[in-house]
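Participant: just a sequence and a predicted model for now, questions to come.
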Amino acid sequence: MKNKLKNFLREDISNIKEYEVLDPKGMIKLDAMENPFDVDLKFESESILANKVNINRYPDGACKNLTKKLRDSHNLKSNFNILVGNGSDELIQILCMAFSKKGNTLLCPQPTFSMYKSIADLVGLNFKAVPLENDFSLNINKMINDIKQTDPALIFLAYPNNPTANLWDRNNIEKVIENTNGLVVIDEAYGAFSGESFLNDIDKYENLAVMKTFSKVGLAGLRLGYLMAENSLIEELNKIRLPFNVNSISQKIAEIALDNKDYLNKQSKEIIGLRESLLKQMLNVKEIEVYNSSTNFILFKIKNGSADEIFNKLLKDKILIKNMSKTESLKDCLRVTVGTEKDNNIFIQSLKNALN
């Protein structure tokens, strides 16, 4: 890059770390919390061919049909609306942009989903991290104290949390909502695997929004998330959303998915069963500490030795998981996505070999 061009760039961009995605070609892919089952080809072809998606035309900018189906699916009351985004990442970005008034703070527990901080830094929001307890529960007293001190405009709570895979105490989350003046966004990306939700509480708290995604339940390739909140907030956020942000094919496949909810719900239940089986196998591996999971992934720690070493040994066996050891408070931790029974068994055997 020419020096002159570089001088025009924002200086803080050099401090932002690029989101790293390793090439999964030829690998058993257990790194990204995806549904491991292929979607039935008939399901995909019906959505594109039988419904006549006109790709020569711009998509429905307001996602009217999809929004209606989502409203019906979640029994959303008329005083609430839905913002559909190009993945949850775009919704997080829209929220951070909307609340990026000078002096505003975004508060989050730590560790949690890394994009909260990355996007906050990018748009100029102050970021306040509140460390979790050693068991990854919320340090509720510190959170309330920091809320009172910083008066955050925005709080993100991943429920269940990524990467720790646990559900925080519901009463503590309610305390956070009740003690803040700002917006609390409950990110339920993994809600299909926990059976828990705050959606029924959005009518109770005027500063509560709930975010969900299609990515973890089998449709990650659509890049489609949605935010449910009070009408006037969605109206303001829509002013920031880029026009035609969700393509026609993604909208149509999502509509078909909602018409066939049992199809994906059955897969989610199967993943929960596979998770419990994988947890049981991992708990029998004495060289690791395994943390309980309410998601479709499992966090574990290498007791003796280096997570980097184990990660690289697994890579040599063509198994791709996520190395979390550079994340604060997760030294020597790795995260594995629940795969098919076959992939899980191969992972367990490779892990045992790597540890010995």
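Facilitator: Done, it's in.

Participant: for the chain, what spans make up the helices?
Facilitator: Listed in chain order, the helices of the chain (DSSP state H) span 3-8, 41-45, 64-74, 87-98, 115-123, 140-150, 170-178, 231-238, 248-259, 261-283, 307-316, 341-355.

Participant: so how far is the third one off the chain centroid?
Facilitator: I take that to be helix 64-74. Here helix 64-74 shows a centroid-to-chain-centroid distance of 21 Å under the convention C-alpha atoms, centre = their mean, to the nearest Å.

Participant: just checking, what packs against that helix?
Facilitator: strand 80-85, helix 248-259 (3 or more C-beta pairs under 8 Å, 6 or more residues apart in numbering; DSSP states H and E). Just so you know, the C-beta spots here come from the backbone N, C-alpha and C atoms, and that holds for glycine as well.

Participant: can I get the ones you listed in CSV including mean neighbour count, distance to residue 238 and mean pLDDT?
Facilitator: Below are the helices and strands packed on helix 64-74 laid out as CSV (neighbours: other C-beta atoms under 10 Å; distance: least, C-beta to C-beta, whole Å; pLDDT from 0 to 100):
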stretch, mean neighbour count, distance to residue 238, mean pLDDT
strand 80-85, 22, 6, 97
helix 248-259, 20, 16, 91
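
Participant: so which of those is nearest residue 35?
Facilitator: helix 248-259 (11.7 Å; C-beta to C-beta).

Participant: hang on, the earlier thing: return the most buried member of the helices of the chain.
Facilitator: Per residue and on average, the most neighbours among these fall to helix 87-98, with a mean of 22 (mean count of other C-beta atoms under 10 Å).

Participant: which neighbouring elements make contact with it?
Facilitator: Using 3+ C-beta pairs under 8 Å, 6+ apart: helix 87-98 touches strand 80-85, helix 115-123, strand 154-158, strand 183-187, strand 208-213, strand 225-230, helix 231-238.

Participant: what strands flank the fifth one, and is each parallel or antiparallel?
Facilitator: Translated: strand 208-213. The pairing partners recorded for strand 208-213 under DSSP bridges are strand 183-187 (parallel), strand 225-230 (antiparallel).

Participant: now it - C-alpha only, PDB.
Facilitator: This file holds the C-alpha atoms of strand 208-213, laid out as PDB (Å, rounded to 0.1, in the frame of the first residue of the first chain):
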ATOM      1  CA  LEU A 208     -35.000  -5.400  26.400                       C
ATOM      2  CA  ALA A 209     -34.500  -6.800  22.900                       C
ATOM      3  CA  VAL A 210     -33.900 -10.400  21.900                       C
ATOM      4  CA  MET A 211     -31.700 -11.500  19.000                       C
ATOM      5  CA  LYS A 212     -31.800 -14.900  17.200                       C
ATOM      6  CA  THR A 213     -30.200 -16.400  14.200                       C
END
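
Participant: who's in contact with the closest residue in space to residue 157 that isn't next to it in sequence?
Facilitator: Spatially, and ignoring its direct neighbours in sequence, residue 157 is nearest to residue 186 (5.4 Å; C-beta to C-beta, 6 or more residues apart in numbering). Applying C-beta atoms under 8 Å, 6 or more residues apart in numbering to residue 186 gives the contacts 157, 159, 173, 198, 208-211.

Participant: thinking again about what came up before, for the strands paired with strand 208-213, give me a markdown table that also has mean pLDDT and distance to residue 128.
Facilitator: A markdown table is the format used below for the strands paired with strand 208-213 (pLDDT from 0 to 100; distance: least, C-beta to C-beta, whole Å):
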| stretch | mean pLDDT | distance to residue 128 |
| --- | --- | --- |
| strand 183-187 | 98 | 14 |
| strand 225-230 | 98 | 22 |
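
Participant: any idea which of the ones you listed is most buried?
Facilitator: When these are compared using mean count of other C-beta under 10 Å, strand 183-187 is most buried, at a mean of 24.

Participant: okay, the residue lying closest to residue 270 once chain neighbours are set aside: pLDDT?
Facilitator: Closest residue in space to residue 270, ignoring its immediate chain neighbours: residue 37 at 7.7 Å, by C-beta to C-beta, 6+ apart. Per-residue pLDDT puts residue 37 at 92.

Participant: show me what contacts residue 37?
Facilitator: Neighbours of residue 37 in contact, by C-beta under 8 Å, 6+ apart: 218, 267, 270, 340.

Participant: my read: residue 214 touches residue 221, true?
Facilitator: No - here residue 214 does not reach residue 221: they are 9.5 Å apart, not a contact under C-beta atoms under 8 Å.

Participant: of these two, which one has the most company?
Facilitator: Per other C-beta atoms under 10 Å, whichever of residue 214 and residue 221 has more neighbours is residue 214, with 25 against 14.

Participant: and the residue nearest to that one when sequence neighbours are not counted, how far from residue 247?
Facilitator: Excluding the flanking residues, the one nearest residue 214 by C-beta to C-beta, 6+ apart is residue 224, at 4.7 Å. Computed as C-beta to C-beta, to the nearest Å, the residue 224 to residue 247 distance reads 9 Å.
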